[in-house]
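Q: Sequence plus predicted model, see below.
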Amino acid sequence: MGRRGHFYETSGLVTPLAFLIGISFIMNFWHNPEEVQHILVGLALVASMPIAGASTAWTQNANGNLVLSLGLILFTTILSPLTSPLVLHTAGFVTTGDYSEDLHEIASDGVTTFLGIWVIMPSLLGILVHRVVYTQFPGLAKAVLKLVNYIILLLLNYSNASLSLPKALSHPDIDFLAIMLTIVALLCIAGFSTGYLVAKVFRTNRKDMASLMFGLGMNNNGTGLVLVSVALADHPQVMLPIIFYNLVQHLIASLVNSTVFRLEVKSYQPT
């Protein structure tokens, strides 16, 4: 991917970091400091994760560039042992108390090994399986793959949401949930917008634009949830921003897929 790959990775890292730092100042005015820490730590874990594997499903559904999509995932995944500690340490400086200590501790000791075992190795295994499947079944229909993609995305969303949402919604704190959903949605929109702007800067075709938008807008939140359950078990509320982001990113991805790229496809059809 060369220099462009480095630029894509940098763009995907700078946007959430800048957003996180900005929100940390804005949320100083919020009435509940504990809730602020939950949101900031959740956003930090979202920002520190590599690109979601589900982005390839949305890229395929939008008829985007799968090679670029897989390259972005592989690139950010391989670099995650370096970039994730950077994001978590940065977040540690804008959070306070036990939350700050936990973030610095995760960044220093646990995240590199965790990502190596639970993200990098499965990703490499997925690449190997992909090669074997397409070698053995070269005529596998795209329509079948798209249907499987949608089913997997639905199951992932349900399994992730079932961890904390029932408890949170049984005794809802409306203002906390509302501000958290707003912030998470803004971060997700910023990620998709970054992909769109990068595509415009490099004047890419619509296939590459799809890969960039879904890639830079979607994060591997399943890994973030597992990390929280292991390293931040004493702060279960931190899971909520991650779960919300996971739901929101798929909602926005569906809107982008059904509007931006359907319009793009029509504009590319001969008249």
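A: On my side now, so go ahead. Residues are numbered from 1 along each chain as shown.
Q: tell me the contacts of Phe7?
A: Applying CB atoms under 8 Å, 6 or more residues apart in numbering, we find Phe7 in contact with Val198. For the C-beta atoms, the positions are set from N, CA and C on the backbone; glycine is no exception.
Q: you'd agree it is in a helix?
A: Yes - assignment of Phe7 by DSSP: H, G, I helix; E, B strand; the rest coil places it within a helix.
Q: Show me the shaky parts of the stretch 101-250 of the chain.
A: Low-confidence segments of the stretch 101-250 of the chain, defined by pLDDT under 70: 110, 118, 123, 127, 130, 133-146, 149-150, 153-154, 156-169.
Q: Kindly provide the distance from Val67 to Ser100.
A: As for Val67, its distance to Ser100 is 40 Å (criterion: CB to CB, to the nearest Å).
Q: Met213 too?
A: Relative to Ser100, and taking CB to CB, Met213 is found at 33 Å.
Q: go on, Phe114?
A: Counting by CB to CB, the gap from Phe114 to Ser100 is 19 Å.
Q: So which residue is dead centre in this protein?
A: Nearest residue to the geometric centre of the chain (CA atoms, centre = their mean): Asn219, 1.2 Å.
Q: Report whether the expected contact of that residue with Val248 is present.
A: No - checked against CB atoms under 8 Å, the pair Asn219 and Val248 is beyond contact range at 11.0 Å.
Q: Quick check: closest non-adjacent residue to Ala210.
A: Gly64 (2.9 Å; CB to CB, 6 or more residues apart in numbering).
Q: There's contact between Asn220 and Ser48 in this structure, I believe.
A: No - contact criterion CB under 8 Å: Asn220 and Ser48 do not qualify, at 9.7 Å.
Q: Of these two, give the one with the bigger neighbour count.
A: Ser48 (31 against 25; other CB atoms under 10 Å).
Q: so who does the residue lying closest to the residue nearest to the centre of the chain once chain neighbours are set aside touch?
A: If the residues on either side of it in the chain are set aside, Asn219 comes closest to Met49, at 4.6 Å by CB to CB, 6+ apart. Taking CB under 8 Å, 6+ apart as the criterion, Met49 is in contact with Ser80, Ser84, Asn219, Asn220, Asn221, Thr223, Gly224.
Q: Dig out what the third one forms beta bridges with.
A: So the one you mean is Asn219. Ile51 (DSSP bridges).
Q: Would you mind measuring from it to Val148?
A: 22 Å.
Q: Which elements pack onto the helix or strand where Val198 lies?
A: Val198 is located in helix 174-201, with elements delineated by DSSP states H and E. Using 3 or more CB pairs under 8 Å, 6 or more residues apart in numbering; DSSP states H and E, the elements in contact with helix 174-201 are helix 2-26, helix 33-48, helix 206-217, helix 239-258.
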